[in-house]
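Undergrad: please find the sequence and the predicted model below.
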Amino acid sequence: MRAWLVLLLLLTLAGCASTPQAPRAGYSASGRVALKMANERHYAQFDWHQLGEQSELSLSGPLGQTAAELRFSPGNASFREGNKREITANSADELIVEALGWPLPVSGLRWWLRGEADPQLAITSQSDIENGRLLLQAGWRIESTDYRGQPSLPHKLTLSRSDLEIKVVISEWQWNP
């Protein structure tokens, strides 16, 4: 269960394509995420907070209890599952490998969530689709749709690769000056 929550946490926000550039100030996003892997399905609520280089992701279960928290910035990352011990590493990507046993592109999530390509990663392909964008980056197919608001931001994301599909519905965006 722990691995799925962490995976859900990381992949939840690992998707989106390049669209209008959102302000670089701090922001928060919250909503729901669904993870489908083989015959397993997992669901969670999420809260993402971004302030400069500092990223924080919190996943909670159906009753609102915190299931996992990930905090990272360049050179520092920590992960806590529920009330259990905290794991730390020099990078979020290293931390996820340690926590899950396989790699995820966590460091790109802050970009992908708001519909932008990670400037640190090569882009395989990107294109416009109906009311959204399609991005192929770091082995992921990231489809962002249902753009709303000012600045225009995605409210639905589907992230997929051969063995995994993650659907994200963002219910609220908030900009922090």
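TA: Cool, got the structure. Numbering: from 1, shown residues only.

Undergrad: which regions of this protein lie under the pLDDT threshold?
TA: 1-25, 101-105, 177 (pLDDT under 70).

Undergrad: which stretches of it form strands?
TA: Ranges of strands within the chain are 26-37, 40-51, 54-60, 66-73, 76-81, 86-89, 123-129, 132-137, 140-145, 156-161, 164-176, based on DSSP state E.

Undergrad: adding mean neighbour count and distance to residue 116, write those strands out as CSV.
TA: Where you see a C-beta, it was placed from the backbone N, CA and C, and this is true even at glycine. Shown next, in CSV, are these (neighbours: other C-beta atoms under 10 Å; distance: least, C-beta to C-beta, whole Å):
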stretch, mean neighbour count, distance to residue 116
strand 26-37, 17, 12
strand 40-51, 17, 12
strand 54-60, 19, 14
strand 66-73, 21, 18
strand 76-81, 20, 21
strand 86-89, 14, 25
strand 123-129, 12, 10
strand 132-137, 22, 9
strand 140-145, 22, 9
strand 156-161, 20, 12
strand 164-176, 16, 14
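
Undergrad: let's have those in CSV, adding distance to residue 112.
TA: Supplementary listing: these in CSV, determined by distance: least, C-beta to C-beta, whole Å:
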stretch, distance to residue 112
strand 26-37, 11
strand 40-51, 11
strand 54-60, 12
strand 66-73, 15
strand 76-81, 17
strand 86-89, 21
strand 123-129, 11
strand 132-137, 8
strand 140-145, 6
strand 156-161, 8
strand 164-176, 10
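
Undergrad: quick one, what contacts the closest residue to residue 76 other than its chain neighbours?
TA: Spatial nearest neighbour of residue 76, excluding adjacent residues (C-beta to C-beta, 6 or more residues apart in numbering): residue 90 at 7.0 Å. Residues near residue 90 by C-beta atoms under 8 Å, 6 or more residues apart in numbering: 75-77.

Undergrad: try it again at 10 Å.
TA: Going by C-beta atoms under 10 Å, 6 or more residues apart in numbering, residue 90 touches 72, 74-77.

Undergrad: and which of those is nearest residue 136?
TA: For the contacts of residue 90, the closest approach to residue 136 (C-beta to C-beta) belongs to residue 72, at 24.1 Å.

Undergrad: picking up where we left off before, ok, now how distant is the residue nearest to residue 76 from residue 132?
TA: The gap separating residue 90 from residue 132 is 35 Å, by C-beta to C-beta, to the nearest Å.

Undergrad: now residue 26
TA: Computed with C-beta to C-beta, the distance linking residue 26 and residue 132 is 24 Å.
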